[in-house]
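**Student:** pasting the sequence and the predicted model now:
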Amino acid sequence: MTPHPPPQSRATGRPRRVLGAVAAAGLLAGALTAPALAVESADRPELITNGDFSDGTTGWWWTENSPGEIVDGRLCAEVPAGTENPWDAIVGQNDLPLTAGEGYELSFTAGATEPITVRTNVQMATEPWTTEHASADRVGAEAQTFTHVFTAGADHEAAQLAFQIGGSEQAYTFCLDDVSLTGGAEPPVYEPDTGSPVRVNQVGYLTEGPKNGTFVTEKTSALAWTLKDADGTEKASGTTTPAGVDPTSRQNVHTFGLGDFDETGEGYTVTIDGHTSEPFDIGDDLYSSLRSDALAYFYHNRSGIEIDADLVGEEYARPAGHVGVAPNRGDTEVPCQEGLCDYTLDVSGGWYDAGDHGKYVVNGGISVAQVMSNYERTLTAEGADGAALGDGGLRVPERGNGVPDVLDEARWQMDFLMRMMVPAGEELAGMAHHKIHDRAWTGLPLLPHQDPQPRELHAPSTAATLNVAATAAQCARLFEQYDAPFADRCLDAAETAWAAAKAHPDMLADPNDGTGGGAYSDNDVSDEFYWAAAELFVTTGNETYRQEVMNSPLHGDTDAVFPRGGMSWGATAGLGALSLATVPNEMTDAQLQGVRAMVTEAADGYAADSRAAAYGVPYAPRDNHYVWGSNSQVLNNMVVLATAHDLTGDAAYRDAVLRGMDYLLGRNPLNQSYVTGYGERDSRNQHHRFWANQLDPDLPNPAPGSVAGGPNVEIQDPIAQDRLQGCAPAMCYIDHIESWATNEITINWNAPLAWVASYLDDLGRGGDGGEDPGETPSCEVTYSSDRWNSGFSTNVTVKNTGTGTLNGWELTWSFADSQRITQAWNAQVVQTGRDVTAKPARWNTTIPANGSVNFGFNGTSSGQAADPDAVSLNGKACAVR
């Protein structure tokens, strides 16, 4: 089944407009100076009427809330305070003829009395407001001239130029001059900055794993490579293997591997033909922070709860969204779209889906399933570390309640999913509403608590209902030992949803229902039936569900269960097969072997794809058709590979997972780490409404551990269309907040990232070549603090009580109160909220058996500055003195 793209998160529509001159204050008088308007030429006719405003306001209009007048030869508009969306205030011009395939150059000079982002669209003047060009430029008191070149994708007799200038809390004056739009422009060829042609995993390589890279060059003969440490000392050398032209990038490339080199360290580089790679580490503790960060993504994106600075830091803290505090309408009494139902539902909680504030059952289903599977793997896989996901291990407000933190996070979503069910007594009782989101699209940036749009429930669907059935069944077995009443509620919801889906097997989501949120339509729900039946069988052992699995047309068909392009929200059968293959259940031995054979057969294909790829990626879609969210497809293939490794111990599967992570963290045609905060060249401008630093410097970039969607040959958004036309499949990506087609972030992309990061962290720490993960602590920590009025000074001694040398170490703990570290010595100490991580300085990276290291720090506190009672070394609990 072809994976479906996530929603298009873009705004449509505009408010009323006013023609002619309206009185306005003359602010910015004399402050705006700019070059004269370009002279029209015969071969490049000017399409803008009165772009220099020499004829007053002729040809121009504005929304009635932002009256404009000519001030010193410029058009100045007064924008009121408190506009919420960019299109709440617009200056524009209509009746612009555009020709499909023609290149156009748009230029204008703009300034404003308050710093703002002006969004400039060339679009249809009526619904659906199809955009031919969209740009976002920061404007301030000093006027600037902006130039953009684009190619029209369709013919327009009367297109519209719209300067969207709303969305500011402050009132301000916006002034515009020298507006020009001419045809005949040659769009500049976009040349991405790919940095060094030596491509490596910019985070690093596990000590005992493969260490491969790719070199981009026109040369066709083998070349020498050298590996150097951080001091520039040569540590290893060899020659590259010419690999020819890579069809996914159209680059001529060589590959290389570091062989059996396994000396741990930081800051290694590889040099080939005078070019040096980004630095990387070699060690066994590379992925512990990614495991934590990738899972923290879900807390960051919770709906209906304040995001606490003590857990995520001041930069990412925010008020609760959609709780009914103005301007929010709230998610506690949400009606259906007009004519669908006569009830309201409390659908508060859950996770915001992606770059928008929508919450979608089908996308939320696969996401929470993989979050729960992340934990469930620790119950079944040899060497899997449950402590890292346990109570107190993650950044969730429920920590300390006796429940594994990863399950606390999953519960936040499960509560929401079950609230989406049609209540008893209604005609479609037991079915699940497909989604809930804003009535109309909102713009960027916009924090959840500032969203003014009415919220609406959309029609129930069979796919959504089966998502609830599958995830609630999984929830029931995992929560049974921690909260039996909640587990019972989950099981009841699962069986109710299953019965409703069987009674309504073909209620499909409307593919045209895409206003205000993504459609997430799916015309084949056989995979959801398979997934739900599998989860219900694993949980209950009920023969009915066994027969549903065995009689499914998908069962035994590896390509149907595990598509070559990867699992996705629209292809979920593989989730059920993975549970059947790994979680103890009542299948016969023959049936179990049959399911496991599907897993290993699929993994064999993904591993072969990885070995054949110049960049090692375990992803080979037909015709190299990289889809929307291709990075999540890579990650889901890695989940299958890792599961095959758990089942068989075959290193070929493990190596393919590691090569896949190499690709995501920099060994790719763009030399791009797609995970924020990881690698020297990481994505940091993903499409998101409140992680929107590119549009508003007062807002943060995405939190560390957020994975970008990645290359997408369809390049549906205007930014990608303007800059990526003709791109090679694996290079159809741009790190720009407006590129929702290539650079969005979503819960269903971060879920497999967190799963894979957990697997790799376990691998490094004990699954292959790491320290044996015994139950008895192999470390002892002495933690001693001196306190004064508002501060403290702490000394920490870490002793290795194990029998082997620790090569690389990471100490983690959490403060119980408001302590803030201000200075540290002999270690790299980072605090996020109450969580603290200490890593070695360059001179104390190893701790020999029975040896120790010492470090310390100073800080401030308004509380007791209590010493922690739990400290972990490399993910394992230490004795604390």
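**Tutor:** Nice, thanks for sending it over.

**Student:** which residues does stretch 824-841 contact?
**Tutor:** 289, 308-313, 395, 796, 808-816, 819-821, 844, 853-858 (Cβ atoms under 8 Å, 6 or more residues apart in numbering). Heads up, the C-betas are built off the backbone N, CA and C, glycines and all.

**Student:** what subset of the residues you listed is buried?
**Tutor:** Neighbour counting by 16 or more other Cβ atoms under 10 Å classes 289, 308, 310-313, 395, 796, 808-815, 819, 821, 853, 855-857 among those as buried.

**Student:** tell me which of those residues fall in strands.
**Tutor:** Among the buried ones among the contacts of stretch 824-841, the ones falling in strands (DSSP state E) are 796, 811, 812, 813, 814, 821, 853, 855, 856, 857.

**Student:** ok, so of those, who is nearest residue 416?
**Tutor:** In terms of Cβ to Cβ, no member of these lies closer to residue 416 than residue 814, at 26.9 Å.

**Student:** the closest one and residue 858: what is the separation?
**Tutor:** Going from residue 814 to residue 858 by Cβ to Cβ, to the nearest Å gives 19 Å.

**Student:** also residue 480?
**Tutor:** According to Cβ to Cβ, residue 480 and residue 858 sit 46 Å apart.

**Student:** likewise for residue 362?
**Tutor:** In terms of Cβ to Cβ, residue 362 sits 50 Å off from residue 858.

**Student:** output the contacting helices and strands for the longest helix along the chain.
**Tutor:** In the chain, taking DSSP state H as the definition, the longest helix is helix 589-612. In terms of contacts (3 or more Cβ pairs under 8 Å, 6 or more residues apart in numbering; DSSP states H and E), helix 589-612 is packed against helix 558-561, helix 573-582, helix 630-648, helix 651-664.

**Student:** any chance of JSON lines for those, columns mean pLDDT and distance to residue 449?
**Tutor:** Output for the helices and strands packed on helix 589-612, formatted as JSON lines (pLDDT from 0 to 100; distance: least, Cβ to Cβ, whole Å):
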{"stretch": "helix 558-561", "mean pLDDT": "97", "distance to residue 449": "42"}
{"stretch": "helix 573-582", "mean pLDDT": "98", "distance to residue 449": "33"}
{"stretch": "helix 630-648", "mean pLDDT": "98", "distance to residue 449": "28"}
{"stretch": "helix 651-664", "mean pLDDT": "98", "distance to residue 449": "32"}
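
**Student:** how about the ones you listed, which one is nearest residue 47?
**Tutor:** Taking those one by one with Cβ to Cβ, helix 630-648 is closest: 37.2 Å.

**Student:** thought residue 546 was touching residue 587?
**Tutor:** Yes - counting by Cβ atoms under 8 Å, residue 546 sits close enough to residue 587 to count as a contact (7.4 Å).

**Student:** hey, what's in contact with both of the two?
**Tutor:** residue 537.

**Student:** where does this structure dip in pLDDT?
**Tutor:** 1-43, 766-777, 842-843 (pLDDT under 70).

**Student:** so where's the longest strand in the chain?
**Tutor:** Under DSSP E, the chain gives strand 172-183 as its longest strand.

**Student:** which other helices and strands contact that strand?
**Tutor:** strand 74-79, strand 90-98, strand 103-112, strand 116-124, strand 156-164.

**Student:** what do you get if the cut-off is 7 Å, keeping everything else the same?
**Tutor:** strand 74-79, strand 103-112 (3 or more Cβ pairs under 7 Å, 6 or more residues apart in numbering; DSSP states H and E).

**Student:** adding mean neighbour count and distance to residue 138, write those strands out as JSON lines.
**Tutor:** Putting the helices and strands packed on strand 172-183 into JSON lines (neighbours: other Cβ atoms under 10 Å; distance: least, Cβ to Cβ, whole Å) gives the following:
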{"stretch": "strand 74-79", "mean neighbour count": "25", "distance to residue 138": "16"}
{"stretch": "strand 103-112", "mean neighbour count": "22", "distance to residue 138": "10"}
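
**Student:** between these, which one is closest to residue 319.
**Tutor:** strand 74-79 (24.7 Å).

**Student:** given that closest one, what are its sheet partners and their directions?
**Tutor:** strand 68-71 (antiparallel), strand 172-183 (antiparallel) (DSSP bridges).

**Student:** for the closest residue in space to residue 346 that isn't next to it in sequence, helix, strand, or coil?
**Tutor:** Nearest residue to residue 346, sequence neighbours excluded (Cβ to Cβ, 6 or more residues apart in numbering): residue 332, at 4.8 Å. Secondary structure, DSSP: H, G, I helix; E, B strand; the rest coil: residue 332 is coil.

**Student:** count of neighbours near residue 332?
**Tutor:** 17 (other Cβ atoms under 10 Å).

**Student:** quick one: it and residue 325 touch, right?
**Tutor:** No - applying Cβ atoms under 7 Å, one finds residue 332 not in contact with residue 325, separated by 11.1 Å.

**Student:** dump the residue contacts of residue 142.
**Tutor:** Residue 142 makes contacts with residue 111, as judged by Cβ atoms under 7 Å, 6 or more residues apart in numbering.

**Student:** rewinding a little: so of the strands paired with strand 74-79, which one's packed in deepest?
**Tutor:** Across those, the average number of neighbours (mean count of other Cβ atoms under 10 Å) peaks for strand 172-183, which reaches a mean of 23.

**Student:** can you give the contact residues for the next helix or strand after it?
**Tutor:** Using DSSP states H and E, the next helix or strand after strand 172-183 towards the C-terminus is strand 198-199. The contact list for strand 198-199 (Cβ under 7 Å, 6+ apart) reads 213, 214, 215, 270, 272, 275, 276, 277, 666, 667, 668, 671.

**Student:** checking my notes, residue 695 in a strand, right?
**Tutor:** No - using three-state DSSP, the secondary structure at residue 695 is coil, not a strand.

**Student:** picking up where we left off before, any idea how far the longest strand of the chain is from the chain center?
**Tutor:** 35 Å (Cα atoms, centre = their mean, to the nearest Å).

**Student:** repeat that for stretch 181-188.
**Tutor:** 34 Å.

**Student:** same deal with stretch 143-157?
**Tutor:** 30 Å.

**Student:** nearest residue to the middle of the chain?
**Tutor:** residue 745 (2.9 Å; Cα atoms, centre = their mean).

**Student:** residues contacting it?
**Tutor:** Taking Cβ under 7 Å, 6+ apart, we find residue 745 in contact with 354, 355, 686, 688, 702, 706, 707, 708.

**Student:** against residue 714, how distant is the closest residue to it other than its chain neighbours?
**Tutor:** In space, and not counting its chain neighbours, residue 745 is closest to residue 686: 4.5 Å by Cβ to Cβ, 6+ apart. As judged by Cβ to Cβ, residue 686 and residue 714 stand 18 Å apart.

**Student:** more neighbours: the two, which one.
**Tutor:** Legend: neighbour count by other Cβ under 10 Å for residue 686 and residue 714, higher for residue 686 (28 against 15).

**Student:** OK, contacts around that one?
**Tutor:** Contacts of residue 686 (Cβ under 7 Å, 6+ apart): 702, 706, 708, 737, 743, 744, 745.
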